[in-house]
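>>> Provided below are the primary sequence and the corresponding predicted coordinates.
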Amino acid sequence: MSTEQRLGNRLFKNTFNFGIGSVLPKVIGFLLIPVYTVYLSPQDFGLVDLATSLGAFILVFMRLGVPGSVLRFYFDHQEGEALKDYITTIFWFLLGCSLIVGAVTALILYTTGDKIVPGLPFYPFVVMILIWAFFNSNTDLQRRLLQAREQSAYSAKLSTITALLTISLTILFVIALKWGAVGVVGATVITAIVFFIQGQVYLHKDLKGKFSWSQLIPSFTYAMGILPYHLISNAAPVINKSILSGYESLAAVGILGIALRFTIPLTIFISALQSSFTPLYYSVRTDEQESLKGKKNLGDLVVRIWSVALLLLAGIICFGGLAIQLFTTEKFHEAIHLLPGISISFIIGLAAYIFGNEIYYQKKTWWVAIISTVQVGVNFVGLLLFLPLFGLIGVGYAMLVAAIVAAILQVLVARKYYQFSIPWKKFLLSIVLMLGLVFLSHLIDTRLILWRMIYFGFLFVIFVWAMFYFKLLQLQWIPLINKIAKKYHERR
């Protein structure tokens, strides 16, 4: 088996397993949207989304970016006593930091929370979010170890059970008990507590080491380069939603949240890929014997990844609006106009992520901080410019412009250190096809569902045909089809 085939099989296996843990729960959650839109108003959705974004931002302060170093330093320690000392050190640092940051944050938000996150009550939402964040202190450590050890099947089971528990509790609290937004957030808190205990079970053998300042300092130094990126990237949603809540309303935040939920196929693919591509990338770069072949192999993988992502993007642009019309009430239909800008910004972010792995590999993480700062700054200026001009749709435009600027910077920096070969003609051609699809999708603006189904179905078929015609997609990329084709030729 060639190096390219081995890399492709590893990527496919890990992407599938890391992804399936997100696929089933998110699909179930997606199917429950019609129920949620009956029991939750746009304002309720706004409360949930604002609270969730705030919780993610607080969680960054609790972790200080240190779990992000685990995936990198794991390959320096490998399995053994040194690794146990390292994991033990990281665990106790995270637990102590979470407790201190939680107490300080509670004091700040109790006194000035109405100015920082307007419309979000301290009790019960901020209190529940702080509890949720604290009990997530060990989950990212476990997740990073699963990635490094390529235990993707275990990760898939864990993610599926976690999400199914959250969904079950949400149904109980929102539909049966009618607790509204409190029920949604409360379900995540209970789930966090349950899986904090599970995380302790998984980490039990790894936590038999000793705390070591000498092992903490390199990770903390590494994390200081990553931390600004995490702070800024998680601050962006809070800033977006706080500005949107102040400029428009909490209901507008809820509509934005609905639009984000209908990008599920794309976000599943990206999150699964992030879990599987990084360790694969590191292993190729650290293998001296593969260094010459690595450039071409990585380039081929990137083209495949990009093409599949574009196919998912086309599906969202063509059918996402139809799904919103069919599965939500009319008060949420404004979310249709947000889909293109948000979806394309995710695709651009995917390109930045793929190239950005080299920055992390080189440990030049201060570049990440600079680029992230620029991205948030562009996004903030974009909001101030586009919201008055375009209203709620301006959020999507601001996200898109910021993502493009950040991607350009990240690609330029990454290729300064390492350049794997990219077939740029195919890459540029795929962008032209994507822009053409977006343009054609805006030529129709009707609420007649049947006409929209015919028109967008035709557009999607043409787009897929063009991808195959220009060899941007190939059936042979799918391992299962490879096996079927091989058996067919053997029979002949």
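Okay, I see it.
>>> switch to C-alpha atoms for all contacts and neighbour counts from now on
Fine.
>>> Kindly state the domain boundaries assigned to the protein.
1-29+262-485, 32-232 (automatic domain parsing).
>>> Quick one: closest of those domains to residue 256.
domain 1-29+262-485 (6.3 Å; C-alpha to C-alpha).
>>> and residue 91, what element?
Secondary-structure assignment from DSSP states H and E places residue 91 in helix 81-116.
>>> Give me the buried stretch members for that helix, please.
82-91, 93-95, 97-99, 101-102, 105, 109, 113 (16 or more other C-alpha atoms under 10 Å).
>>> What helices and strands are in contact with the helix or strand just after that helix?
Remark: after helix 81-116, the chain's next helix or strand is helix 127-134, criterion DSSP H and E. When contacts are defined as 3 or more C-alpha pairs under 8 Å, 6 or more residues apart in numbering; DSSP states H and E, helix 127-134 sits against helix 42-63, helix 81-116, helix 181-202.
>>> mind checking which of these is nearest residue 234?
Per C-alpha to C-alpha, nearest to residue 234 of the helices and strands packed on helix 127-134: helix 42-63, 5.1 Å.
>>> what angle separates that closest one from helix 127-134?
40 degrees (axes from the mean of the first three to the mean of the last three C-alpha atoms, to 10 degrees).
>>> what sits against the closest residue to residue 82 other than its chain neighbours?
Take residue 82 and drop its neighbours on the chain: the residue closest to it by C-alpha to C-alpha, 6 or more residues apart in numbering is residue 209, 7.9 Å away. The contact partners of residue 209, taken as C-alpha atoms under 8 Å, 6 or more residues apart in numbering, are 81-82, 84-89.
>>> low-scoring stretches of the stretch 51-200 of the chain, by residue?
Counting by pLDDT under 70, the stretch 51-200 of the chain has low-confidence residues at 78-79.
>>> re the thing from before, quick one: work out the angle between the helix holding residue 91 and helix 127-134.
Using the same axes, to 10 degrees, helix 81-116 lies at 160 degrees relative to helix 127-134.
>>> if I pick residue 90, what's in contact with it?
So residue 90 contacts 66-67, 216 (C-alpha under 8 Å, 6+ apart).
>>> again, 6 Å this time
Neighbour list for residue 90: empty [criterion: C-alpha atoms under 6 Å, 6 or more residues apart in numbering].
>>> Equivalent analysis for residue 321, please.
Residue 321 touches residue 336, counting by C-alpha under 6 Å, 6+ apart.
>>> Remind me which helix or strand residue 215 belongs to.
helix 213-247.
>>> List the neighbours of the following helix or strand past that helix that are in contact with it.
Sequence order places helix 250-261 as the next helix or strand after helix 213-247, per DSSP H and E. Outside helix 250-261, the residues within contact range by C-alpha under 6 Å, 6+ apart are 42-43, 45-46, 241, 332, 335, 339.
>>> so where do the helices sit in the stretch 251-400 of the chain?
264-286, 291-327, 339-361, 366-390, 393-417 (DSSP state H, counting those that start in this stretch).
>>> before we move on, the earlier item: mind putting the helices and strands packed on helix 127-134 into a markdown table with distance to residue 409?
Listed next are those as a markdown table, based on distance: least, C-alpha to C-alpha, whole Å:
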| stretch | distance to residue 409 |
| --- | --- |
| helix 42-63 | 24 |
| helix 81-116 | 30 |
| helix 181-202 | 36 |
